[in-house]
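Enquirer: Got a predicted model here, sequence first, then my questions.
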Amino acid sequence: MTKLFAAASREEFITYVDARRGVYRYARIMDSRLDCCLFLAPRRTLLPDRMALAPLLGAAVADDARIALLAGRALDGISSPVAGRIVCACFAVGVDMLQRAIADQRMTSIGEIGAALRAGTLWILHS
């Protein structure tokens, strides 16, 4: 993995790590484009959709889209019509999705939100 993700002067290596859950996400940006990525997790449900990742290879990655990249979302998907502006990159939860869930399920606590959407249940670690 060191050779795959070794950073040269025109490369940037970004990571997301949740060691407690065994989730590791690595990406290498070369010349402002996604060159390669590796997403690891003990369960498939903890990985982003493979079909969301494939179009990202070779795509330009703006500085403000790095979280979306590590979340496995389309780079132009910082906001989506279904989710709204992303407030939880780990699980791609947007403000619209959050508001709908709170209203529909009559949630009254952060614990209920975490149980329903997983939002707010992790710390994001990236460089």
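Expert: Looks like it arrived, so ask away.
Enquirer: downstream neighbour of the worst-scoring helix or strand of the chain on mean pLDDT in the secondary structure list?
Expert: Lowest on mean pLDDT, DSSP states H and E among the helices and strands of the chain sits strand 79-80, with a mean of 45. Sequence order places strand 84-88 as the next helix or strand after strand 79-80, per DSSP states H and E.
Enquirer: what ranges of the protein fall below the confidence cut-off?
Expert: Residues of the chain that meet the criterion pLDDT under 70 lie in 1-9, 49-52, 72-83, 89-92, 121-127.
Enquirer: try it again with 80
Expert: For the chain, residues meeting the criterion pLDDT under 80 lie at 1-10, 45-57, 63-94, 116-127.
Enquirer: mind listing the helices for it?
Expert: Ranges of helices within the chain are 50-53, 66-71, 95-105, 110-117, based on DSSP state H.
Enquirer: out of those, nearest to Val23?
Expert: Nearest of the helices of the chain to Val23, taken as Cβ to Cβ: helix 66-71 at 10.3 Å. To be clear about C-beta, it is placed using only N, CA and C from the backbone, and glycine gets the same treatment.
Enquirer: Output the contacting helices and strands for the closest one.
Expert: Helix 66-71 is packed against strand 11-18, strand 23-30, strand 84-88, with contacts defined by 3 or more Cβ pairs under 8 Å, 6 or more residues apart in numbering; DSSP states H and E.
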